[in-house]
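K.L.:
Sequence first, then the predicted structure:
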Amino acid sequence: MAKAKLSEFVKLRRRLALSRDAAAELCGVTPRTIENWDKKGAPPIAMRLLYLRDRKYIGYPGWDGFCFSHGNLYYRGKLFANPETLKSWRRCSK
């Protein structure tokens with residue numbers, strides 16, 4: 001019996017050592033959804049979240065120069081916001 005091909009999502013999730021539960025929390029979905037994505041692939045936004053978790057640069061229009069590293073958001077190498085700042089901005093926008 002041939003092995004099922006792994007989705008890019010599960011490969012990245014495993015490389016980041018994220019359990020299904022941790023990936024579900026990060027993506028705002030259920031562990032069952034993560035299980036489905038592991039088999040069939042995930043939507044682009046879920047892949048972006050995992051790449052952000054991996055501290056990759058954000059390669060999408062409007063995000064040029066931004067990256068996440070060690071839990072902080074940087075712009076062109078300078079600290080732009082930390083988690084508490086981002087949370088306060090979220091509270092202000094409600």
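P.N.:
Ah, there it is. Here the structure is a predicted model, which means the values were calculated and not measured.
K.L.:
tell me which residues of the lowest-mean-pLDDT helix or strand in the chain are tucked away?
P.N.:
One helix or strand of the chain scores below all others by mean pLDDT, DSSP states H and E: strand 66-69, with a mean of 75. Going by neighbour count (16 or more other Cβ atoms under 10 Å), the buried part of strand 66-69 is Phe66, Cys67, Phe68. The C-beta positions use only the backbone N, C-alpha and C, and glycine is treated the same way.
K.L.:
Pick the one among those residues closest to Ala23.
P.N.:
Nearest to Ala23, judged by Cβ to Cβ, of the buried residues of strand 66-69 is Phe68 at 16.4 Å.
K.L.:
ok, the residue nearest in space to the middle of the chain - contacts?
P.N.:
Geometric centre of the chain, nearest residue: Leu49, 1.8 Å, by Cα atoms, centre = their mean. Neighbour list for Leu49: Leu26, Cys27 [criterion: Cβ atoms under 8 Å, 6 or more residues apart in numbering].
K.L.:
If I look at it, what pLDDT would I see?
P.N.:
Looking at Leu49, its pLDDT is 86.
K.L.:
repeat for the one 4 residues further on
P.N.:
pLDDT, Arg53: 77.
K.L.:
Count the neighbours of it for me.
P.N.:
Neighbour count of Arg53, defined by other Cβ atoms under 10 Å: 17.
K.L.:
Give me the phi and psi angles of Arg14.
P.N.:
Per-residue torsions, Arg14: phi -70, psi -40 (degrees, to the nearest 10).
K.L.:
What is the burial count for Leu6?
P.N.:
For Leu6, the neighbour count with other Cβ under 10 Å is 13.
K.L.:
Relative to Arg32, how far out is it?
P.N.:
For Leu6, the distance to Arg32 equals 18 Å [Cβ to Cβ, to the nearest Å].
K.L.:
so Glu25, which of the three states?
P.N.:
Classification of Glu25 by DSSP: H, G, I helix; E, B strand; the rest coil places it in helix.
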